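Engineer: Need coordinates for the below:
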Amino acid sequence: MANTRNSDNSFKQDILIDKINYFLKELKSKEKLPRGTKGLCGGFSNMLALAMLSDKENDFIDRMKWLANTDYSTIINAARLYSTYLNLRQKRPIEIIDESLFDDVRIVRPEDAEYKDEESRFKNLSSKEESLFKRAQELYVFINTLLFSQDAENNSGMDITSANLDQIAKVIMPVEFKNDVGIHKKYEFSLNMTESELEKVLGQVMISNNELVTFASHDHLILIKKKSDKFIVYDPNEDEMLVAVDNIKDLNKFIINNLFKKLNHNFVFMPISFQCFSLSSHAELRPNPTDLLEEVLKERKDKNIDIAEDKLEMTSLRMAVRDGHYIIAKKIIENGADVDKLRLMVDALGASLLDRLLRLSIESGDLDFKFVKLLFDSGASPKFVLTDENILHKLANQIKSENISDFSILLLNYLKNKFNNIDKMLAQKNGVGKIPLEVAIESSNITVALLFLEFGNVTHERTEREIHTLKRGNFLDHFFLKLRYKFSFSYC
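Structural biologist: Numbering: from 1, shown residues only. As a prediction, the model looks like this:
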């Protein structure tokens with residue numbers, strides 16, 4: 001029986017996500033959004049930020065209001081109507097609609113007589129049904145955009161990738177916005193701060209009208225826009241869509257309350273990271289972020305830069321690296337942060353931060369892999385002690401992309417010159433007894449596997465035929481080679 005409970009008329013993300021999941025379930029979708037107060041805060045906030053920057057704020061809020069104010073039975077009916085449409089699209093090629101987040105929705109009606117019954121369903125929609133269909137289409141695009149805006153690999157809301165706002169915009173924004181205007185990241189800062197330190201920092205950086213600022217803790221994110229003398233705040237955990245705050249002191253209290261106290265985090269030193277975005281490239285009269293960091297640290301009695309009070313040990317360095325704040329990370333290291341401690345840390349899902357940095361460098365085409373080099377050049381070991389792996393095991397397991405070859409060559413050359421033990425690294429076995437070359441083969445990462453063979457003397461009981469097969473790249477031979485490694489039939 002369909003759920004007929006009334007709408008909660010709330011913009012809280014857990015309620016919105018619950019409604020979205022009912023919609024997805026009715027569509028027979030395998031996707032399911034994470035529920036709870038740490039669900040998709042980054043995704044919701046990034047989408048609103050892009051709407052504000054493209055002057056589509058009212059359109060976005062309209063769609064959020066519809067979702068918040070619509071009861072569950074209507075959500076389910078919308079999903080059923082849209083499910084019929086999706087089935088038609090799968091049965092025969094039809095005109096593809098424009099699925100930009102803020103564009104008007106167009107209904108495409110198939111003309112093929114073979115699907116006469118379903119076709120007539122769409123030719124004879126009542127005005128009420130047509131309105132519902134458009135809402136269903138908007139919601140469908142909204143969900144896909146939400147998943148893209150949030151880092152899809154992290155369902156905890158922790159993996160805030162606001163530095164990629166421009167990348168997100170290029171995919172989901174209208175063409176005229178993409179071509180004519182660029183999003184500028186104007187400022188970034190991250191540090192474990194006390195309440196008084198944060199208020200001082202806010203007073204120096206929250207100075208520009210119509211600029212958007214994302215504030216993140218270790219597990220939540222909110223969006224703030226300065227408008228005239230007020231601050232407009234969006235917190236995905238609040239019932240209200242937007243909250244107006246009058247001054248810096250009240251803004252400081254709001255940030256601390258919503259990022260920490262409401263989530264039962266009572267820290268003296270709070271992990272806070274923020275970045276400012278604008279459509280203008282004009283530089284603001286703010287202090288240099290590294291000077292601001294030094295100014296805050298100078299007044300502290302305890303100079304321990306590695307202070308962390310949460311279970312995940314969210315140090316200032318870890319936060320700066322997580323959010324892509326390179327100059328801040330470098331300055332924090334100069335102030336005595338333990339980089340090798342950072343190397344050993346894992347996130348809530350058990351993934352190594354260094355592993356994530358490697359993946360992001362490859363996917364973004366960062367051939368300088370500056371964060372990875374920063375850690376190693378500052379004394380971090382290439383060995384993952386917690387998992388008996390080294391960085392080459394991680395490289396072998398990375399998602400293949402157009403950058404993987406160039407990136408791997410540069411990284412292998414760097415490691416060879418930096419540590420002078422590339423053969424030892426290539427021969428090291430992980431916790432299940434596999435060397436990096438085996439991991440690369442089992443991951444079908446042939447490009448990296450061949451580079452391992454070229455860069456070092458891989459000592460392993462493998463026949464010349466297996467190496468030749470790998471180099472030749474024959475698909476069927478490679479497939480059976482993978483099976484042999486997968487089930488460990490024989491290495492000789």
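Engineer: in the stretch 351-492 of the chain, which spans are strands?
Structural biologist: For the stretch 351-492 of the chain, the strands defined by DSSP state E, counting those that start in this stretch cover 383-384, 389-390.
Engineer: mind showing which ranges of the stretch 151-300 of the chain have poor pLDDT?
Structural biologist: Counting by pLDDT under 70, the stretch 151-300 of the chain has low-confidence residues at 151-182, 281.
Engineer: at 50 instead, please
Structural biologist: Confidence mapping of the stretch 151-300 of the chain against pLDDT under 50 gives the ranges 152-164, 166-180.
Engineer: number of nearby residues for Glu195?
Structural biologist: Summarising burial for Glu195: neighbours were counted as other Cβ atoms under 10 Å, giving 16. C-beta here means a position set from N, CA and C on the backbone, and glycine is covered the same way.
Engineer: Give me the distance between it and Lys261.
Structural biologist: Counting by Cβ to Cβ, to the nearest Å, the gap between Glu195 and Lys261 amounts to 11 Å.
Engineer: intersection of neighbour lists for these two?
Structural biologist: Contact criterion Cβ atoms under 8 Å, 6 or more residues apart in numbering; residues shared by Glu195 and Lys261: none found.
Engineer: circling back to that earlier point, and the strands of the stretch 351-492 of the chain, which one averages the lowest pLDDT?
Structural biologist: When mean pLDDT is averaged over each of the strands of the stretch 351-492 of the chain, strand 383-384 scores lowest at a mean of 64.
Engineer: quick one: buried residues of the strand or helix carrying Ile255?
Structural biologist: Under the criterion DSSP states H and E, the helix or strand holding Ile255 is helix 248-259. In terms of neighbour count (16 or more other Cβ atoms under 10 Å), helix 248-259 has its buried residues at Leu251, Asn252, Phe254, Ile255, Ile256, Asn258, Leu259.
Engineer: What is the helix or strand following that helix packed up against?
Structural biologist: Moving toward the C-terminus from helix 248-259, the next helix or strand (DSSP H and E) is strand 270-278. Helices and strands touching strand 270-278, by 3 or more Cβ pairs under 8 Å, 6 or more residues apart in numbering; DSSP states H and E, are strand 184-193, helix 195-205, strand 212-216, helix 248-259, helix 316-322.
Engineer: in the helix or strand following strand 270-278, what's buried?
Structural biologist: Downstream of strand 270-278, the next assigned helix or strand under DSSP H and E is helix 289-298. For helix 289-298, the neighbour count (16+ other Cβ under 10 Å) marks Pro289, Leu292, Leu293, Val296, Leu297 as buried.
Engineer: Does Ile207 fall in a helix, a strand, or a coil region?
Structural biologist: Ile207 carries the three-state label coil when classified by DSSP: H, G, I helix; E, B strand; the rest coil.
Engineer: quick one, what contacts the nearest residue to it once chain neighbours are set aside?
Structural biologist: Of all residues not flanking Ile207 in the chain, Glu284 sits nearest, at 6.1 Å (Cβ to Cβ, 6 or more residues apart in numbering). Shown here is Glu284, whose contacts under the criterion Cβ under 8 Å, 6+ apart are Lys186, Tyr187, Ile207, Ser208, Glu211.
Engineer: between those residues, which is nearest Leu48?
Structural biologist: Using Cβ to Cβ, Glu211 comes nearest to Leu48 of the contacts of Glu284, at 14.3 Å.
Engineer: how much space between that closest one and Ser278?
Structural biologist: Taking Cβ to Cβ as the measure, Glu211 falls 5 Å from Ser278.
Engineer: shared neighbours, these two?
Structural biologist: With contacts taken as Cβ under 8 Å, 6+ apart, the residues that reach both Glu211 and Ser278 are Lys186.
Engineer: Just list whatever residues bridge to His184.
Structural biologist: Under the criterion DSSP bridges, His184 forms beta bridges with Ser278.
Engineer: any idea how this protein splits into domains?
Structural biologist: The record, using automatic domain parsing to delimit domains, assigns the chain the ranges 13-149, 183-337.
Engineer: Out of those domains, which gets nearest to Phe455?
Structural biologist: Between Phe455 and the domains of the chain, the shortest separation by Cβ to Cβ is 26.8 Å, and it involves domain 183-337.
Engineer: So for that closest one, first residue to last residue, what's the gap.
Structural biologist: Distance between the boundary residues of domain 183-337 (Cα to Cα, to the nearest Å) amounts to 32 Å.
Engineer: Next, work out how far apart Cys269 and Ile327 are.
Structural biologist: Not quite, residue 269 is Phe, not Cys. The gap separating Phe269 from Ile327 is 21 Å, by Cβ to Cβ.
Engineer: Compare those two (neighbour count), which wins?
Structural biologist: Taking Phe269 and Ile327 together and counting by other Cβ under 10 Å, Phe269 has the greater number of neighbours (20 against 14).
Engineer: Helix, strand, or coil at Ala308?
Structural biologist: Under three-state DSSP, Ala308 falls in the coil class.
Engineer: Verify the stated contact: it with Met319.
Structural biologist: No. Contact status for Ala308 versus Met319: not in contact, 9.3 Å apart, counting by Cβ atoms under 8 Å.
Engineer: any common contacting residues for those two?
Structural biologist: When contacts are counted by Cβ under 8 Å, 6+ apart, the set common to Ala308 and Met319 consists of Asn192, Pro271.
Engineer: Mind checking which of these two has more residues around it?
Structural biologist: Counting neighbours by other Cβ under 10 Å for Ala308 and for Met319 shows that Met319 has the greater number, 24 against 21.
Engineer: residue contacts, that one?
Structural biologist: Listed by Cβ under 8 Å, 6+ apart, the contact set of Met319 reads Ser190, Leu191, Asn192, His218, Pro271, Ile272, Ser273, His325.
Engineer: ok, 10 Å please
Structural biologist: Contact criterion Cβ atoms under 10 Å, 6 or more residues apart in numbering gives 160, 190-192, 216-218, 271-273, 308, 325, 328-329, 332 as the residues in contact with Met319.
Engineer: Tell me the one among those nearest to Thr447.
Structural biologist: Nearest to Thr447 among the contacts of Met319: Ala329, at 29.4 Å, using Cβ to Cβ.
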